[in-house]
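Trainee: prediction below, plus the sequence it came from.
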Amino acid sequence: MSTVTASGSLLLVMTVLSGRRASADPCEPGEPEPPAAPVEQPYRETQVIDAPLPSALDGYDFLFTATVWWKPVLDHAGRSDSASPAIAAASVVSRARDLVRHEEPGRASFAQYLLDGELGVLLPDRNERVKAWAADVTLTLAPADREHLRKLNDLRKDEELWEYERQHERNKRRRLGNEGKRSTARRKWGSRIGCACC
């Protein structure tokens, strides 16, 4: 028996025992590879610096600064979109605006804690092109606005104190007036009954 016949018979026996059909082309792969899972895109970074956000008082805007971390949504991951950093930043600024627009400008520190918690959550933009979250959040007032609010607050406290002092003086006069009326009434009563003690 020749070597070619022996090796062909061996190949036939191995194929039958393994239950697979023999490949016509030895270079043809046996089973197709499963499709590759989508590759997770890395986070990218962009900055928002001193973006004005409205507060509960007209004319007093908060100044919002943050580092925005973002990545494309899987459906949009293959597209090269130069607008994506702006979309991510706009998404975070929009979320921040919605959170602080009812806050008093004097409560900027409290509102900053609120933003830290809420903007730290990864969420998609409204068109679901990118997902974004924010870190290193700061929320302040312009120095001139801060000073103006401080002066208004001092004036309000002074006015409250003045009003309290005025009310205290009125009450004192009313008590003294009542005391005087009682004293006069005692004298009249004493004179009627002939008492010299009053």
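Mentor: Arrived safely. A quick note: this is a predicted structure, and the numbers were derived from the prediction, not measured. Numbers count the residues shown, from 1 in each chain.
Trainee: on the C-terminal side of the worst-scoring helix or strand of the chain on mean pLDDT, identify the next helix or strand.
Mentor: None of the helices or strands of the chain scores lower by mean pLDDT, DSSP states H and E than helix 3-18, at a mean of 48. Following helix 3-18 in sequence order, the next helix or strand is strand 44-54 (DSSP states H and E).
Trainee: what helices or strands is that next one leaning on?
Mentor: strand 61-72, helix 84-100 (3 or more CB pairs under 8 Å, 6 or more residues apart in numbering; DSSP states H and E). For every residue, glycine as well, the C-beta is placed using N, CA and C.
Trainee: if we go to 10 Å?
Mentor: In this structure, strand 44-54 packs against strand 61-72, helix 84-100, strand 130-141, with contacts taken as 3 or more CB pairs under 10 Å, 6 or more residues apart in numbering; DSSP states H and E.
Trainee: quick check: mean pLDDT of that strand?
Mentor: The average of the pLDDT scores along strand 44-54 is 96.
Trainee: between that strand and strand 130-141, how many degrees?
Mentor: 40 degrees (axes from the mean of the first three to the mean of the last three CA atoms, to 10 degrees).
Trainee: partners of strand 44-54, with directions?
Mentor: strand 61-72 (antiparallel) (DSSP bridges).
Trainee: name the residues of the partner strand that come out as buried.
Mentor: Asp61, Phe62, Leu63, Phe64, Ala66, Val68, Trp69, Trp70, Lys71, Pro72 (16 or more other CB atoms under 10 Å).
Trainee: just the closest of these to Glu45, please.
Mentor: Glu45 lies nearest to Trp69 out of the buried residues of strand 61-72, by CB to CB, at 5.8 Å.
Trainee: just to check, the closest one is in contact with Leu123?
Mentor: No: with contact defined as CB atoms under 10 Å, Trp69 does not count as touching Leu123 (11.8 Å).
Trainee: intersection of neighbour lists for the two?
Mentor: Contact criterion CB atoms under 10 Å, 6 or more residues apart in numbering; residues shared by Trp69 and Leu123: Val92, Lys131, Ala132, Trp133.
Trainee: in PDB, list the C-alpha atoms belonging to stretch 99-114.
Mentor: C-alpha atoms of stretch 99-114 as PDB (Å, rounded to 0.1, in the frame of the first residue of the first chain):
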ATOM      1  CA  LEU A  99     -30.900  72.000  39.000                       C
ATOM      2  CA  VAL A 100     -29.900  75.600  40.200                       C
ATOM      3  CA  ARG A 101     -32.500  77.900  38.600                       C
ATOM      4  CA  HIS A 102     -34.700  77.900  41.700                       C
ATOM      5  CA  GLU A 103     -31.800  78.300  44.100                       C
ATOM      6  CA  GLU A 104     -31.200  81.700  45.900                       C
ATOM      7  CA  PRO A 105     -27.800  83.200  44.800                       C
ATOM      8  CA  GLY A 106     -26.700  83.300  48.400                       C
ATOM      9  CA  ARG A 107     -26.900  79.500  48.500                       C
ATOM     10  CA  ALA A 108     -24.200  78.900  45.900                       C
ATOM     11  CA  SER A 109     -22.300  76.600  48.300                       C
ATOM     12  CA  PHE A 110     -25.300  74.400  48.900                       C
ATOM     13  CA  ALA A 111     -26.200  74.400  45.200                       C
ATOM     14  CA  GLN A 112     -22.600  73.300  44.400                       C
ATOM     15  CA  TYR A 113     -23.100  70.100  46.600                       C
ATOM     16  CA  LEU A 114     -26.300  69.500  44.800                       C
END
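Trainee: no more questions from me, cheers.
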